[in-house]
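Q: Any chance you could fold what I've pasted below:
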Amino acid sequence: MRRLLLAAVSLLLAAPVAARAQDIGLEIGTQAPPAAVQTLDGKPANLSQFIGQGPVLIEFWATWCPNCRALEPQMQAVARKYAGRLRIVGVAVSVNQSPERVRAYVAKHALPGTFVFDTKGAATGAYDVPATSYILVLDRAGKVVYTGQGSEQNLEAAIRKAL
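A: Next up, the predicted model:
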């Protein structure tokens, strides 16, 4: 029993701390689902309105998330590089924040893209979101070509799969 316990602990310690791309959330190749959200001014919206009109990068994030903050420079860089060819959608989770707080943060940090608020967790559930800093990249047809989480993601490679 002791050996089994030691082996299990060793495996846990050897496992990577951050989730790797393609290991979490929606399966690669699946169609991105619709999900009810709200605009930051409280109007009803749905993630389906962003899907199937070209490549889309969706980030589930929060103003208090350190991984999300670490991704901001990379998000701004890909927004500049792929302007007009890639849509960026930020889905703010509703934990410990409000639409007003999100709106102020987005403005202060000049974050690129369209931002919505997951008031009731419908998007978080539909997209099987494991935590904030979860990113999906969808191709033109709305199929998932990349998922990843954490501050160190290769967004360039993910976006190239969708173009």
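
Q: where do the strands sit along the chain?
A: Using DSSP state E, the strands of the chain run over 36-39, 44-46, 56-61, 87-93, 114-118, 134-138, 144-149.

Q: Put together JSON lines for the ones you listed, with mean pLDDT and distance to residue 162 on each row.
A: Heads up, the C-betas are built off the backbone N, CA and C, glycines and all. Below are these laid out as JSON lines (pLDDT from 0 to 100; distance: least, CB to CB, whole Å):
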{"stretch": "strand 36-39", "mean pLDDT": "97", "distance to residue 162": "21"}
{"stretch": "strand 44-46", "mean pLDDT": "97", "distance to residue 162": "20"}
{"stretch": "strand 56-61", "mean pLDDT": "98", "distance to residue 162": "8"}
{"stretch": "strand 87-93", "mean pLDDT": "97", "distance to residue 162": "10"}
{"stretch": "strand 114-118", "mean pLDDT": "97", "distance to residue 162": "17"}
{"stretch": "strand 134-138", "mean pLDDT": "97", "distance to residue 162": "5"}
{"stretch": "strand 144-149", "mean pLDDT": "96", "distance to residue 162": "5"}
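
Q: okay if I get the ones you listed as CSV plus mean neighbour count?
A: What follows is the strands of the chain, written out as CSV (neighbours: other CB atoms under 10 Å):
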stretch, mean neighbour count
strand 36-39, 19
strand 44-46, 13
strand 56-61, 25
strand 87-93, 23
strand 114-118, 22
strand 134-138, 26
strand 144-149, 22
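
Q: Redo those as JSON lines? Include distance to residue 79.
A: Output for those, formatted as JSON lines (distance: least, CB to CB, whole Å):
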{"stretch": "strand 36-39", "distance to residue 79": "19"}
{"stretch": "strand 44-46", "distance to residue 79": "20"}
{"stretch": "strand 56-61", "distance to residue 79": "9"}
{"stretch": "strand 87-93", "distance to residue 79": "6"}
{"stretch": "strand 114-118", "distance to residue 79": "11"}
{"stretch": "strand 134-138", "distance to residue 79": "13"}
{"stretch": "strand 144-149", "distance to residue 79": "16"}
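
Q: and whichever helix in the chain runs longest, what does it pack onto?
A: Under DSSP state H, the helix in the chain containing the largest number of residues is helix 66-81. The elements that helix 66-81 packs onto, with contact taken as 3 or more CB pairs under 8 Å, 6 or more residues apart in numbering; DSSP states H and E, are strand 56-61, strand 87-93, helix 155-162.
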